[in-house]
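>>> Provide a 3D model corresponding to the input given below.
(2 chains)
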Amino acid sequence: MTAILTNLFDGVAYGMLLFVLACGLAVTLGLMNFVNLAHGAFAMAGGYVCMVLVNRMGWPFFAALPLAFVSSAAIGIVLERTLYRHLYTRSHLDQVLFTIGLTFMSVAAVDYIQGSSRVFINLPAALQGQFDLFGVGIGRYRLMIIVICGLLTIALQMVLAKTRFGSRLRAAVDDPRAASGLGINVPQVFAFTFAFGCGLAGLGGALSAEILGLDPYFPLKFMIYFLIVVTVGGSSSITGPFLASLLLGIGDVAGKYYVPKMGPFVIYTMMIVILIWRPNGLFGRTAAR
Amino acid sequence: MFERKIFSRTAVAAAIASLAAIAPAKAEDSVKIGLILPMTGGQASTGKQIENAIKLYMQQKGDTVAGKKIEIILKDDAAIPDKTKTAAQELIVNDKVNFIAGFGVTPAALAAAPLATQAKIPEIVMAAGTSIITERSPYIVRTSFTLAQSSTIIGDWAVKNGIKKVATLTSDYAPGNDALNFFKQNFTAGGGEVVEEVKVPLQNPDFAPFLQRMKDAKPDAIFVFVPAGQGGNFMKQYAERGLDKAGIKVIGPGDVTDDDLLNNMGDAVLGTVTAHLYSAAHPSQMNKDFVAAYKKAYGNRPGFMAVGGYDGIHLIYEALKKTGGDTDGTKLVEAMKGQKWESPRGPISIDPETRDIVQNIYIRKVEKVDGELYNVEFATFEAVKDLGKTKK
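This is a model prediction of the structure:
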């Protein structure tokens, strides 16, 4: 019984992490209809910023996390203004080619600057180890991930559903021409949303260094996971990717624990089954656009 | 279509064969070494260490041997065997090299093997560690190690030191399977029991569920082989999950505590016992000088890959001295057989039968020395041959 709960806990933590990493992609792909395969590069940037701040400059871990967010968002906004916005109206193939190129450039750049070996972020002692809660092993670091990611998810959902910015964004997505006719500055809304998505990825990158490992090949290695989350979840809201992340995280952990021989395939099997059942993802919108 | 393929293949073979006939006749004053290494990609740290070590050796010993100037031509194969093959072909046909050397991973070494045989030039394997490699061409000589060497030794050591039940966690690819099988063979022969066996995918993002399974199996120790680079992640999660506190030790071949990464792994690795060919903390004077020179030149400590490169170039120098500068491939390989020398890792030699390396395997424990983490050697198994050759 305790083994099941420990696995459930690990699975939720892993799923939450996937969600923070991938939800920016759900926003750009689903809301802005832009295929951004370079999403992982922003995550990697955040991870490396956090690593440099903590390991080389002695910042405390919790102070470096917001900066990982801010720096990735800043890189995102610069690239959005200079490069991405020219591609919004282009075909998806152009977008794919452009962003995959950007991904390779980021890999080479980080390899050149920081070297190719894996890096770790020095964690405070309070985040290391595991404690027992009624016999269930709870990893401190994973608990922190669940707390941070849970709060973020709630905040995101509130912003999208309840605030003026959220409704502007939804309006801009549904019909950019009508929205700008109503006085909404569509490019600005998109730029801000894009930067925010990049920032989340950066935060996710910083958080994932401990669990997934951080090296210059991060954007390529985990691209497939981000895409699975978005396709399975459907890209029309953030609830979809959130539930998909949890499902995949728990499924992946449980699969690796109970059937280690099949472990690596569980996540793909789940994706195939779900997509056969619901080709547009769990919460896909069929009509829109 | 089919005919054309055959034609092009024969053409390449013919080109290589004719080259082999011409090469020794040209009395040139330089000896060219084609170095094929992964300088980009996930294995890049291997390539960089070997390149660094070779440069260091040539600075120390000069670049002239037996009246010939040594010239290194470096090609990056990113550890992709197709690229290795192309690079080897270019080096042999266009650059007319006298040696090909390097090879970060087993598939790369194997891809170049038929070319070495056809062109009759020595292939010096400085990193890849699967046993079969030297059997694939009579021109292959290895200066790195085989996984069988360290895995059998740690199996023997574990049984004798009170470890009865072991769970294994190995990466699911050729070297990982080699490590697992040789460990199991010696460990179970000595009376040990493998209670849990898990093969993890090579591109594995998260060890957590596998480690939880290990923890619940309650073994005395976990036998681990993951490629250099993933060791850090493994050790961190091992500690996070509290396996160290549950009294489950980590044992394995030394790849998991590679000197290249060891110091960044955190105190969780303290007490890990591994069997391996080299530790930067090896107490010989020669090694101290080597480590000091390497650190001075490149700012970090050398790992076992660097030593493989350092010894590889040494072997090339010695072979040339012995042939008096003659670059005939067959003579060079003959000259390499049975060479014995003192390396930073300790005394080593080339087995005249298999052209594979014979070396001491050390049992080491991770300890803190002057505030840094090192593999401190505490037992030695002398002159270990490769036990993994397929029986003939």
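>>> B:Gln342: what secondary structure?
In this structure residue B:342 is Glu, not Gln. When the structure is split into helix, strand and coil by DSSP: H, G, I helix; E, B strand; the rest coil, B:Glu342 lands in strand.
>>> tell me who's in contact with it.
Contact partners of B:Glu342, counting by Cβ atoms under 8 Å, 6 or more residues apart in numbering or on different chains, are B:284, B:286, B:348. C-beta coordinates here come from the backbone N, C-alpha and C atoms, glycine included.
>>> which non-adjacent residue is nearest the last one?
The spatially closest residue to B:Ile348, leaving aside those adjacent along the chain, is B:Gln359, at 4.4 Å (Cβ to Cβ, 6 or more residues apart in numbering or on different chains).
>>> what's the burial count for that neighbour?
Under the neighbour criterion other Cβ atoms under 10 Å in any protein chain shown, B:Gln359 is assigned a count of 27.
>>> quick one: strands adjacent to the helix or strand where it lies?
Per DSSP states H and E, B:Gln359 falls inside strand B:357-369. Here strand B:357-369 has these sheet partners by DSSP bridges: strand B:273-276 (antiparallel), strand B:346-350 (antiparallel), strand B:372-384 (antiparallel).
>>> tell me the buried residues in that strand?
If you call a residue buried by 16 or more other Cβ atoms under 10 Å in any protein chain shown, then strand B:357-369 has these buried ones: B:357-367.
>>> now find how far off-centre that strand is within its chain.
For strand B:357-369, the separation from the chain centroid amounts to 15 Å (computed by Cα atoms, centre = their mean, to the nearest Å).
>>> one more: stretch A:246-265?
On the basis of Cα atoms, centre = their mean, the separation between the geometric centre of stretch A:246-265 and that of its chain is 20 Å.
>>> quick one: contacts of that stretch?
The contact list for stretch A:246-265, computed with Cβ under 8 Å, 6+ apart, reads A:3, A:7-8, A:10-19, A:228-229, A:232, A:266-267, A:270-271, B:198-201, B:204, B:206, B:208-210, B:212-213.
>>> what about 7 Å?
Contacts of stretch A:246-265 from elsewhere in the structure, counted by Cβ atoms under 7 Å, 6 or more residues apart in numbering or on different chains, are A:7-8, A:10-12, A:14-15, A:18, A:228-229, A:232, A:266-267, A:270, B:198, B:201, B:208-210, B:212-213.
>>> which one (most neighbours) among the contacts of B:Glu342?
Using other Cβ under 10 Å as the neighbour test, those are led by B:Ile348, with 23 neighbours.
>>> give me the three-state assignment for the most centrally placed residue in chain B.
Centroid-nearest residue in chain B, with Cα atoms, centre = their mean: B:Ala127, separated by 3.0 Å. At B:Ala127, secondary structure determined by three-state DSSP is coil.
>>> doesn't B:Ile50 make contact with it?
Yes - under the criterion of Cβ atoms under 7 Å, B:Ala127 is in contact with B:Ile50, at a separation of 6.4 Å.
>>> for these two, list the residues in contact with both.
Residues touching both B:Ala127 and B:Ile50 comprise B:305, B:308, with contact defined as Cβ under 7 Å, 6+ apart.
>>> next, the nearest residue to A:Leu37 once chain neighbours are set aside: phi, psi?
The shortest distance from A:Leu37 to any non-neighbouring residue, by Cβ to Cβ, 6+ apart, is to A:Thr99 (4.2 Å). For A:Thr99, the backbone dihedrals are phi -70, psi -30 (criterion: degrees, to the nearest 10).
>>> residues in contact with A:Thr99?
Residues counted as contacts of A:Thr99 (Cβ under 7 Å, 6+ apart) are A:35-38.
>>> poorly predicted segments of the chain, please.
Answering for chain A, as no chain was given. With pLDDT under 70 as the threshold, chain A has low-confidence stretches at A:1, A:235-236, A:263, A:284-289.
>>> wait, I meant chain B there
Counting by pLDDT under 70, the ranges of chain B that qualify are B:1-28, B:204-205, B:228-229, B:389-392.
>>> count of neighbours near residue 163?
Reading this off chain A. Counted with other Cβ under 10 Å, the neighbours of A:Thr163 add up to 11.
>>> actually it's chain B I care about, not the one you picked
When neighbours are counted by other Cβ under 10 Å, B:Ile163 comes out with 21.
>>> double-check that it belongs to a helix.
No - with the criterion set as three-state DSSP, the secondary structure at B:Ile163 is coil rather than a helix.
>>> isn't it up against B:Ile222?
No - using Cβ under 7 Å, B:Ile163 makes no contact with B:Ile222, being 10.3 Å away.
>>> who does the host helix or strand of A:Thr231 touch, helix- and strand-wise?
Taking DSSP H and E as the definition, one finds A:Thr231 inside helix A:218-233. Contact partners of helix A:218-233 among helices and strands, from 3 or more Cβ pairs under 7 Å, 6 or more residues apart in numbering or on different chains; DSSP states H and E: helix A:2-26, helix A:39-51, helix A:92-114, helix A:239-258, helix A:263-277.
>>> that older thread, give the contact list for the residue nearest to B:Ile348.
For B:Gln359, the contacting residues are B:277, B:345-346, B:348, B:384, taking Cβ under 7 Å, 6+ apart as the criterion.
>>> separation between it and B:Glu342?
Using Cβ to Cβ, to the nearest Å, one gets 11 Å for the distance from B:Gln359 to B:Glu342.
>>> tell me the SS of the closest residue to chain B within the stretch 51-200 of chain A?
Sorted by distance to chain B under Cβ to the nearest Cβ, the residues of the stretch 51-200 of chain A start with A:Ser116, at 3.8 Å. Recorded secondary structure, A:Ser116: coil (three-state DSSP).
>>> tally up the residues packed near B:Lys385, please.
17.
>>> check A:Tyr112 too.
A:Tyr112 is flanked by 11 other residues according to other Cβ under 10 Å.
>>> could you do A:Phe134 as well?
A:Phe134 is surrounded by 7 other residues when neighbours are defined as other Cβ under 10 Å.
>>> ok, it to B:Gly176 distance?
A:Phe134 is 37 Å from B:Gly176, by Cβ to Cβ.
>>> strands of the stretch 51-200 of chain A, start to end?
Assigned by DSSP state E, counting those that start in this stretch, the stretch 51-200 of chain A shows strands spanning A:130-133, A:136-139.
>>> just these: most buried one?
When you average the neighbours per residue for each of those (mean count of other Cβ atoms under 10 Å in any protein chain shown), strand A:136-139 leads with a mean of 21.
>>> kindly report the residues of the stretch 201-350 of chain B close to chain A.
Contact residues of the stretch 201-350 of chain B with respect to chain A, defined by Cβ under 7 Å from any Cβ of the partner chain, are listed as B:201, B:203, B:205-206, B:208-210, B:212-213, B:216, B:229, B:232-233, B:236, B:240-242, B:260-261, B:264.
>>> hang on, the earlier thing: give me the nearest residue to the residue of the stretch 51-200 of chain A closest to chain B, chain neighbours excluded.
Nearest non-adjacent residue to A:Ser116, counting by Cβ to Cβ, 6+ apart: B:Ala44, 3.8 Å away.
>>> so the one you found sits right up against A:Gly115, yeah?
No - taking Cβ under 7 Å as the contact criterion, B:Ala44 and A:Gly115 are not neighbours in contact, 8.0 Å apart.
>>> now do the SS call for B:Gln203.
coil.
>>> can you give me the end-to-end distance of stretch B:199-209?
12 Å (Cα to Cα, to the nearest Å).
>>> next: stretch B:70-83.
Using Cα to Cα, the span of stretch B:70-83 from its first residue to its last is 24 Å.
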